[in-house]
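1. need coordinates for the following:
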Amino acid sequence: MTIEPINLDDKLAQFNATWTPHIIAELNGQQVKLAKLEGELTWHDHADEDELFLVLTGRLRMQMRDEQGEVVEQIIDPGEIIVIPRGLEHNPIADPGTSVLLFEPIATKHTGEKILERTVVDQPRI
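-> As a prediction, this is how the structure comes out:
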């Protein structure tokens, strides 16, 4: 077996679709994914899984609902991560040209239990 490094720029160059995570690696029941983002996804949550977002390029605004249901927003710039705890309703909004690395359990559904036109059920592996 040959273990090769994964070049993130090379992988990102293989696709243009936004909001379509591409699986690039797996380890310990987790998947590492790359995605290009632009605009707003949707409010959703993941009841049983935490998610990690590492912003590679662009800027990500993560809207979240606090305990009172009020919207709180965090801005994540390149080189920064945010971890969304399981069960927290959130809505990612991305500037044009944003790319992220996602780290999440294999069972994580793209938009949680919401099935939308943008929902990607079978995420491609590259």
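
2. so residue 77 touches residue 56, yeah?
-> No - in this structure, residue 77 is not within contact of residue 56 by Cβ atoms under 8 Å, at 10.6 Å. For the C-beta atoms, the positions are set from N, CA and C on the backbone; glycine is no exception.

3. what does stretch 77-96 contact?
-> Stretch 77-96 is contacted from outside by 37-65, 74, 76, 100, using Cβ atoms under 8 Å, 6 or more residues apart in numbering.

4. for the chain, give me the ranges with low pLDDT.
-> 108-121 (pLDDT under 70).

5. longest strand of it, counting residues only.
-> Identified as the longest strand of the chain according to DSSP state E is strand 90-105.

6. next one: the residue nearest the centre of the chain from residue 68, what distance?
-> What sits nearest the mean C-alpha location of the chain, by Cα atoms, centre = their mean, is residue 102, with 4.6 Å. If you measure residue 102 against residue 68 using Cβ to Cβ, to the nearest Å, the figure is 28 Å.
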